[in-house]
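[1] what would the 3D arrangement of this be:
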Amino acid sequence: MFEDRTYKRTFYSAPQSVTSLVAAFLEPSITVLTFVFATVYADEWINDRPALTLCLLVFALTFPGRNRFRDNLIAAGVDILSSWITLLAILALCGYATRSLHYFENNVLLDWAIATPVLQWLAVWLGKIVTQRLSARAAARRTAIVVGAGALGVKVAKALTESGDYGVDFLGYFDDRTDDRLDQEASAQRLGGLKDVAAYATRHGVREVYITLPLGSQPRIVELLEDVQGTTASLFFVPDVFGISIIQGRLQDMNGVPVVGICETPFTGTNELVKRISDLVLAMLILILISPLLLVIAIGVKLSSPGPVVFRQRRNGLDGGEIVVYKFRSMRSQDNGPMVRQATKDDPRITAFGAFIRRTSLDELPQFINVLQGRMSIVGPRPHAVAHNEEYRRLIKAYMVRHKVKPGITGWAQVNGHRGETDTIEKMQARVEYDLEYLRNWSLGLDLQIIVRTIRLVFFDRHAY
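    From the prediction side, this is the model:
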């Protein structure tokens, strides 16, 4: 479902490095500078401590910025507006919790709130124009060929031709096989055999050669490399890894030894620190704000039926380790052993009050304590019962990869319609695919978007039970 898109993102990231670097700083810089100009225009001082704190907070929340130069302008505008509204909601929540909103003039905040998304959209528009003009220059364009006219070669060719604004001209394929053994899409663009690659690359000034031959062709690959290294073309070997789900694929240097990472957590280094700090800050703020609500729900649970207020569930957490997850009890009896029956619609075990807190996801609120404990994140794949994991890990490919990160109170699957009962293997597989998509595309902005969409679902979704 997502493999081709992931492949293009992982495999073809190098030519976009400059654009990605610009995008990383452009969005946060525009956001901070707009606030500075709005403050100066209002004849206020930017060197006071609250204003400087806000600038640092905004930069941290928006860095790195997203590369929107490849989106169409309407999609970029919608993305900018939704991200900006999400950020404003987070800042308003922080300001309310810390009682610091009075430090800022209303007209400054209003000007900043209106001008920032407009300027960000204009920056994307100008960036697209500049990128397209630069890539249109003959000197800036790169020519590429693919060695291997099989299914993998076609995937690589499509990734190259669909790179659009980044100035790649795909010329064709080279393969020793006859036309009846080639991919039908590739046979018409076959330029010759493997022995013709070096001469063709020299004659046509080919800049990039992508080798997609299977590992069983190793002697031919070695001979080809020796030939092509006599040209000035850049060489790329593309391993056929489509049998597995690629998560955060990247090339790493391990004391001089090149290592290709295929399945790795996105939360390493700085990302891990950003994720943990955002979890701690948001969890503490939310718990402070909802503490009266927690008390009301606890009383409601206690009055609804005999039993504990909080139910402790065994779940698999980071790297598959077993953790204890807290929830407000919504049933008269709870399964927590080797056999766990999922809740279903009109389940007789669910109390009337329990149905309400399950439908509105209020039963999940104690999990913010799990976040403070470090067992969970606010956003991540939802934890399933240990018994369900043992069942589905044998039925769904890459099911356990979702445990490369901490489980979340809400997740990408849940805001895309996959809440509630997973009574078929297809429903669970769809949920897992969204979880893996989250791992591939994680950013702080995506987390904030999921949080906002979750808040909307709490009030308007009626599919959970």
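[2] what about Leu61, neighbour count?
    Residues lying near Leu61 (other Cβ atoms under 10 Å) number 19. (Glycine included, C-beta is placed from N, CA and C.)
[3] run the chain-centre distance for the longest helix along the chain.
    Counting residues, the longest helix found in the chain (DSSP state H) is helix 270-304. A distance of 23 Å separates the centroid of the chain from that of helix 270-304, by Cα atoms, centre = their mean, to the nearest Å.
[4] same question for the very next helix or strand once past it, mean pLDDT?
    On the C-terminal side of helix 270-304, the nearest following helix or strand under DSSP states H and E is strand 310-316. Throughout strand 310-316, pLDDT has a mean value of 89.
[5] buried stuff in the longest helix of the chain?
    274-275, 278-279, 282-283, 285-287, 294, 297, 300-301, 304 (16 or more other Cβ atoms under 10 Å).
[6] and those, which is closest to Val405?
    Closest approach between these and Val405, by Cβ to Cβ: Lys275, at 8.4 Å.
[7] how much space between the closest one and Trp412?
    Distance, Lys275 to Trp412, using Cβ to Cβ, to the nearest Å: 15 Å.
[8] picking that back up, next, the angle strand 310-316 makes with the longest helix of the chain.
    If you take axes from the mean of the first three to the mean of the last three Cα atoms, to 10 degrees, helix 270-304 sits at 140 degrees to strand 310-316.
[9] who does helix 270-304 touch, helix- and strand-wise?
    The elements that helix 270-304 packs onto, with contact taken as 3 or more Cβ pairs under 8 Å, 6 or more residues apart in numbering; DSSP states H and E, are helix 73-98, strand 322-328, helix 352-359, helix 367-373, strand 377-379, helix 444-460.
[10] now do 6 Å
    helix 367-373, strand 377-379 (3 or more Cβ pairs under 6 Å, 6 or more residues apart in numbering; DSSP states H and E).
[11] what's the most buried one of the ones you listed?
    strand 377-379 (a mean of 26; mean count of other Cβ atoms under 10 Å).
[12] hmm, back to that, Leu235: which of the helices and strands packed on helix 270-304 is closest?
    Using Cβ to Cβ, the helices and strands packed on helix 270-304 put strand 377-379 closest to Leu235, at 39.5 Å.
[13] what about the closest one, distance to the chain center?
    Distance, centroid of strand 377-379 to centroid of chain: 13 Å (Cα atoms, centre = their mean).
[14] give the pairing partners of it; include direction for each.
    strand 408-410 (parallel) (DSSP bridges).
[15] contacts for the partner strand, please.
    364, 367, 377-380, 454 (Cβ atoms under 6 Å, 6 or more residues apart in numbering).
[16] could you give the angle of the helix or strand just after it to helix 444-460?
    For strand 408-410, the following helix or strand on the C-terminal side (DSSP H and E) is helix 425-441. Taking the same axes, to 10 degrees, one finds that helix 425-441 is oriented at 140 degrees with respect to helix 444-460.
[17] now do the buried residues in helix 425-441.
    Neighbour-count burial for helix 425-441 flags 428-440 (criterion: 16+ other Cβ under 10 Å).
[18] check the offset of that helix from the chain's centre.
    On Cα atoms, centre = their mean, the centre of helix 425-441 falls 12 Å from the chain's centre.
[19] helices or strands up against it?
    By 3+ Cβ pairs under 6 Å, 6+ apart, helix 425-441 packs against no helix or strand.
[20] mind running it again at 10 Å?
    helix 3-11, helix 386-392, helix 444-460 (3 or more Cβ pairs under 10 Å, 6 or more residues apart in numbering; DSSP states H and E).
[21] got the buried residues for the last one?
    Using 16+ other Cβ under 10 Å as the test for burial, helix 444-460 gives 444-445, 447-454, 457.
[22] hey, least reliable of the helices and strands packed on helix 425-441 by pLDDT?
    Among the helices and strands packed on helix 425-441, helix 3-11 carries the lowest mean pLDDT (a mean of 41).
[23] alpha carbons only: can I get stretch 86-99 in CSV?
    Below are the C-alpha coordinates for stretch 86-99, written out as CSV (Å, rounded to 0.1, in the frame of the first residue of the first chain):
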residue,chain,number,x,y,z
THR,A,86,-2.4,23.4,15.5
LEU,A,87,0.6,25.4,16.6
LEU,A,88,-1.5,28.3,17.8
ALA,A,89,-3.7,25.9,19.8
ILE,A,90,-0.6,24.4,21.5
LEU,A,91,0.7,27.9,22.3
ALA,A,92,-2.6,29.1,23.6
LEU,A,93,-2.8,26.0,25.8
CYS,A,94,0.7,26.7,27.1
GLY,A,95,-0.1,30.3,27.7
TYR,A,96,-3.3,29.5,29.6
ALA,A,97,-1.6,26.9,31.7
THR,A,98,1.3,29.2,32.6
ARG,A,99,-0.9,32.3,32.8
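[24] now it: mean pLDDT?
    In the prediction, stretch 86-99 has an average pLDDT of 80.
[25] I'd like the numbering to begin with 675 instead of 1 from here.
    I'll keep to 675 as the first residue from here, and by that count the last item is stretch 760-773.
[26] of all the buried residues of helix 944-978, which two lie farthest apart?
    That would be Val948 and Ser978, which, of the buried residues of helix 944-978, are the farthest apart (Cβ to Cβ) at 39.7 Å.
[27] any idea how far Ser774 is from Leu954?
    19 Å.
[28] just Cys729 next, same as before
    The gap separating Cys729 from Leu954 is 21 Å, by Cβ to Cβ.
[29] okay, now the domains of the protein?
    677-810, 815-917, 944-1134 (automatic domain parsing).
[30] for the stretch 825-974 of the chain, what spans make up the strands?
    842-848, 864-866, 882-885, 908-911, 924-928, 931-935 (DSSP state E, counting those that start in this stretch).
[31] can you pull the contacts of Val782?
    Residues in contact with Val782 (Cβ atoms under 10 Å, 6 or more residues apart in numbering) are 709, 712-718, 725.
[32] this completes my enquiry, with thanks.
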